[in-house]
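In: Sequence unavailable; structure follows:
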């Protein structure tokens, strides 16, 4: 008979999986406490939930959300990096963290309902964030407007310059 702690954890995991835009299944075994605390801090700063869970509980939560095909990912120690807003945030944090450490290793990714192999996280980490994409879009939209405004103002500025020169000559 399952204990109440496990039942509650399955409910929490199920809720997290249902709301997540991306879930990164990672192998963390081998990180010391200091490094794991530092990693959790980096995830927290990026608004990513990072939680360690038993594979059987993850499997039960996935079944509640009609997610299948996790058997390969749920071997060994597993921690989930769950992104609710920005699906590439965990990849960016992991990429930055693995520059100094060998772990965590990404086993696989559930990205917007699609399974991706763990190696794909590097491609995701290189994608621009939502804010970066929006700023590029705004810049692209703003540039033609600025050119149009300067083109429309150019004849007026030239006319003002001619009138100013004419005024100086007459005085």
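Out: Okay, I see it. If you're wondering where the values come from, they're calculated on a predicted model, not measured in any experiment. Numbering: from 1, shown residues only.
In: need the contact list for residue 97.
Out: 38, 39, 42, 104 (CB atoms under 8 Å, 6 or more residues apart in numbering). Bear in mind the C-beta positions are built from the backbone N, C-alpha and C, glycine included.
In: now the helices for the chain?
Out: Remark: helices assigned in the chain by DSSP state H are 4-19, 33-45, 55-64, 89-97, 121-125, 130-170.
In: and the angle for the fourth one with helix 33-45?
Out: Interaxial angle, helix 89-97 versus helix 33-45 (axes from the mean of the first three to the mean of the last three CA atoms, to 10 degrees): 140 degrees.
In: residues of helix 89-97 that come out buried?
Out: 89, 90, 91, 92, 93, 94, 95, 97 (16 or more other CB atoms under 10 Å).
In: again, but for the second one
Out: Under the neighbour-count criterion of 16+ other CB under 10 Å, helix 33-45 has 35, 36, 39, 40, 42, 43 buried.
In: Name the nearest residue to the last one, ignoring sequence neighbours.
Out: What that stands for is residue 43. In space, and not counting its chain neighbours, residue 43 is closest to residue 50: 4.2 Å by CB to CB, 6 or more residues apart in numbering.
In: before we move on, what about the fourth one?
Out: Computed as CB to CB, 6+ apart, the closest residue to residue 40 that is not its neighbour in sequence is residue 50, at 5.4 Å.
In: list the contacts for the one you found?
Out: 39, 40, 43, 44, 79, 80, 81, 82.
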